[in-house]
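Trainee: Fold the following, please.
(2 chains)
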Amino acid sequence: MRKRRETAGHETRARGDAGRGEAGRAAARRATNRLLTAHLLLPTIFLTVALAGGVRVEGETRALVFVAPPLVALVLAVLLLALFARGRLVALPRWLSHDHAPLANVSHALTLVALFFASAQAFNSVLPGAGLFRWLFSFFFLWTLWQNLFAATDARRTLRSVVALFGTAFVLTHLLLANLYAPEAGWLRRVAGALVEGATQGSLGGQTTVAPATGYLSFFTLALYVVGLVLLPSAPGGVADGAPRASGVVEDYRRLSAGERDEARAEILRAELRRLEAVSLKASEESETSRDDDG
Amino acid sequence: MRRESLIPTVGIAWTLLYAALVVWLYATAPRTLEELRTQASTAVGTYAVDEARFQSARELFRREQYRAAREEWLRADPARRDARTQFYIAYAFYREGWGRVYSDDALFRQGVEAVDLALELSPDGALTVDDPDLRIHSAAELKAELEQGTETTWGDFNPAKIFRERK
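Mentor: Presented below is the predicted three-dimensional model:
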């Protein structure tokens, strides 16, 4: 009996050691993946967006045109980054912190710079080439971002709103406007284009014709930008996330109405009760098992 | 080197390299993939003039097909980085634009641009081409000839001018 108990004890310890080893390896893999994402993958994604966002393919000659971000795109990118910071999609104090090694801080700063230029070029890729449409789009972008800056938001909502913003702009620029001004457009679309021009005394026009490849390129750029934002952690590392994330949750809680607060408290209580029940059930099962072994 | 310091180091190097590539692409703005290849080879210092095309352009030049010769020289030196080729292009403009009674100002002006580029590309700002088929060997002399052709002076009304020879 005693021998059997000792053997069982050894097996349990061995299982525990193996489990701890496996857990340690998994944690190391997680840490490596986080480092690779923050220092290599994200800058690559954002720089690719910064590169592709300004590329157009000319309609007639099929030549490549590299359009540097206009001033308005830089202003919009600043506002978007402010929105990211406010929505805690990017927790700036945790990206650039005294706690990090100098190399890590430099790398994080470069990633944030890449994010800024990627944002500017993402706007650049959906802004119409010229004319009043360009100013209308710029104005609506500015208006939307300015409004969002003062709205209650969090990382998920910010991301959704950014996707919706760029998605709408993409559809309007590369599907609606591009078709309206396409040289090979049918007579109906030409009439619609002429009516728009006539009604506005030609001030809406000035659209440069681009090849359909430009639309595909813009789609790819925006998709990559969104992927980059999804992968972007609120803070790099993620190990020391606990306390600031908790403070963020508390901040969100404070913004809720009285009724919503009651609901949130009730939900937390329910979750805690479920967790405690599970813990006590497990403890009783373990005590029963050990009693059986003794018997 | 530990993983925590290796990955950020590689990340910084890679980010700076990639950012430099993006800036270079926007600065040079190649219009085609061929142009991109040419500019890349110029940037890394492996650019060279297509000698076969250069010689075929010279052959066209000898046969007085100046426009075709210029086209061929442009293909031989697509990045316009070779002083000698630009000198020949300027010479082709001179020969084509020269007239016994009057010169073609537009062609001469393009010639001046080409010879200026040739001088700019020359290491010491002076260029001499030893070609027995040419009567002007120095870029400075060719430039002076081209500039004189674009100026209007009293000498232009001299009837004896029709006896001058093309260089």
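Trainee: Report the closest residue of chain A relative to chain B.
Mentor: Residue nearest to chain B within chain A: A:His39 (3.0 Å; Cβ to the nearest Cβ). The way it works is simple: take the backbone N, C-alpha and C, and place the C-beta from them, glycine included.
Trainee: And that residue, its phi and psi?
Mentor: Main-chain torsions, A:His39, degrees, to the nearest 10: phi -100, psi -20.
Trainee: In terms of residue numbering, what are the domains of chain A?
Mentor: A:23-239, A:256-295 (automatic domain parsing).
Trainee: mean confidence for the last one?
Mentor: Mean per-residue pLDDT for domain A:256-295: 84.
Trainee: Same question for stretch A:176-195.
Mentor: pLDDT averaged over stretch A:176-195 gives 66.
Trainee: One more: stretch A:103-120?
Mentor: 95.
Trainee: what about the chain, any weak spots by pLDDT?
Mentor: You didn't say which chain, so I picked chain A. A:1-20, A:181-208, A:237-248, A:251, A:293-295 (pLDDT under 70).
Trainee: ah, no, chain B please
Mentor: The model of chain B has pLDDT under 70 over residues B:1.
Trainee: at 50 what do you get?
Mentor: Chain B contains no residues with pLDDT under 50.
Trainee: contacting residues for residue 78?
Mentor: With no chain named, the answer covers chain A. A:Val78 makes contacts with A:Phe116, as judged by Cβ atoms under 8 Å, 6 or more residues apart in numbering or on different chains.
Trainee: That was the other one, I meant chain B.
Mentor: Neighbours of B:Pro78 in contact, by Cβ under 8 Å, 6+ apart: B:Glu34, B:Glu35, B:Thr38.
Trainee: how close does the spatially closest residue to B:Arg166 that is not a sequence neighbour get to chain A?
Mentor: Spatial nearest neighbour of B:Arg166, chain neighbours left out: B:Trp98 (4.9 Å); criterion: Cβ to Cβ, 6 or more residues apart in numbering or on different chains. Distance from B:Trp98 to chain A, counting by Cβ to the nearest Cβ, to the nearest Å: 34 Å.
Trainee: What sits closest to A:Ala178 if chain neighbours are left out?
Mentor: Leaving aside its chain neighbours, A:Ala178 sits nearest to A:Gly215 (6.1 Å; criterion: Cβ to Cβ, 6+ apart).
Trainee: Which residues of the stretch 51-200 of chain A lie near chain B?
Mentor: For the stretch 51-200 of chain A, the contact set with chain B under Cβ under 8 Å from any Cβ of the partner chain comprises A:51, A:54, A:61, A:63-66, A:68, A:101, A:103-104, A:106-107, A:110-111, A:114.
Trainee: Apply 10 Å and report the result again.
Mentor: A:51-52, A:54-55, A:58, A:61-69, A:100-111, A:113-114, A:117, A:121 (Cβ under 10 Å from any Cβ of the partner chain).
Trainee: among those, which ones are buried?
Mentor: The neighbour count (16 or more other Cβ atoms under 10 Å in any protein chain shown) marks A:51-52, A:54-55, A:58, A:64-67, A:69, A:100, A:103-108, A:110-111, A:113-114, A:117, A:121 as buried among those.
Trainee: other SSEs contacting the helix or strand harbouring A:Arg291?
Mentor: Assigned by DSSP states H and E, A:Arg291 belongs to helix A:258-294. Under the contact criterion of 3 or more Cβ pairs under 10 Å, 6 or more residues apart in numbering or on different chains; DSSP states H and E, helix A:258-294 touches helix A:2-36, helix A:242-255.
Trainee: Pop the domain breakdown of chain B in here.
Mentor: Split by automatic domain parsing, chain B gives B:2-44, B:51-163.
Trainee: And these: which comes nearest A:Trp135?
Mentor: domain B:2-44 (23.8 Å; Cβ to Cβ).
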